[in-house]
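K.L.:
The sequence and its predicted three-dimensional model are supplied below.
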Amino acid sequence: MPQERTEVQVRAGAEDDLEALTDLYNHFIRETAITFDTAAFTAEQRRPWLHSHPEDGPHRLLVARDDRFVGRRGILGYATSSPFRAKPAYATSVEVSVYCAPGATGRGVGSLLYRSLFDALAAEDVHRAYAGIALPNEASVRLHERFGFAHVGTYREVGRKFGRYWDVAWYEKELGER
């Protein structure tokens, strides 16, 4: 009998994902300088973040799942597009990010998530995407460059975490003419 193969699925993040998404993000808070958050969150504290990314519109949360991946309830990673800045003139710009679970890196999950995110954003009134990358992070730099992002500048020693200062490189991608 042939073995049934489960494919990685990308879908909008849902309430049922909140605990696993929080656990995944907390890993990056505790173990890396990828995010400048310094204290872990509870799922309840992350609920407003989840709800700020509806299934449609320019501010999205996409989740990559594979039921064969036991850790974090099958969640391999997630990608988001969020407001770039709060002022109204920035409404057609988004900040994007992608997080892949430990054990899910190097398998194309980040590329799959970004491809799905940018496909969804193509139908939205979004002109530019921005990504901040805490340095060093060659894998993230390569991913963003592969998706057409260009380096536009680096903030030197802009964040302090784990007792040291970190640079953040900023990347920009044109999403469409409006």
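P.N.:
Perfect, I can see it now. Numbers count the residues shown, from 1 in each chain.

K.L.:
tell me the SS of the residue nearest in space to the middle of the chain?
P.N.:
Per C-alpha atoms, centre = their mean, the C-alpha nearest to the average position across the chain is that of residue 98, at 2.3 Å. Here residue 98 is recorded as strand under DSSP: H, G, I helix; E, B strand; the rest coil.

K.L.:
what is it paired to in the beta sheet?
P.N.:
residue 79 (DSSP bridges).

K.L.:
okay but it is in contact with residue 147, surely?
P.N.:
No - Residue 98 is beyond contact range of residue 147, at 9.8 Å (criterion: C-beta atoms under 8 Å). C-betas here are computed from N, CA, C, even on glycine.

K.L.:
which neighbours do these two share?
P.N.:
residue 114 (C-beta atoms under 8 Å, 6 or more residues apart in numbering).

K.L.:
Distance check, residue 62 against residue 155.
P.N.:
27 Å (C-beta to C-beta, to the nearest Å).

K.L.:
Show me which of these two is the more surrounded one.
P.N.:
residue 62 (24 against 14; other C-beta atoms under 10 Å).

K.L.:
mind checking the SS state of the more buried one?
P.N.:
Per three-state DSSP, residue 62 ends up strand.

K.L.:
Kindly provide the distance from it to residue 165.
P.N.:
32 Å.

K.L.:
Ok, residue 76 next?
P.N.:
Distance, residue 76 to residue 165, using C-beta to C-beta: 31 Å.

K.L.:
Torsion angles phi and psi at the residue lying closest to residue 40 once chain neighbours are set aside?
P.N.:
In space, and not counting its chain neighbours, residue 40 is closest to residue 26: 4.3 Å by C-beta to C-beta, 6 or more residues apart in numbering. Torsion angles at residue 26 (phi, psi; degrees, to the nearest 10) stand at phi -60, psi -30.

K.L.:
So what's the residue count around residue 26?
P.N.:
So residue 26, with other C-beta under 10 Å, has 18 neighbours.

K.L.:
Hmm, residue 43 and it touching each other?
P.N.:
No - with contact defined as C-beta under 8 Å, residue 26 does not count as touching residue 43 (9.8 Å).
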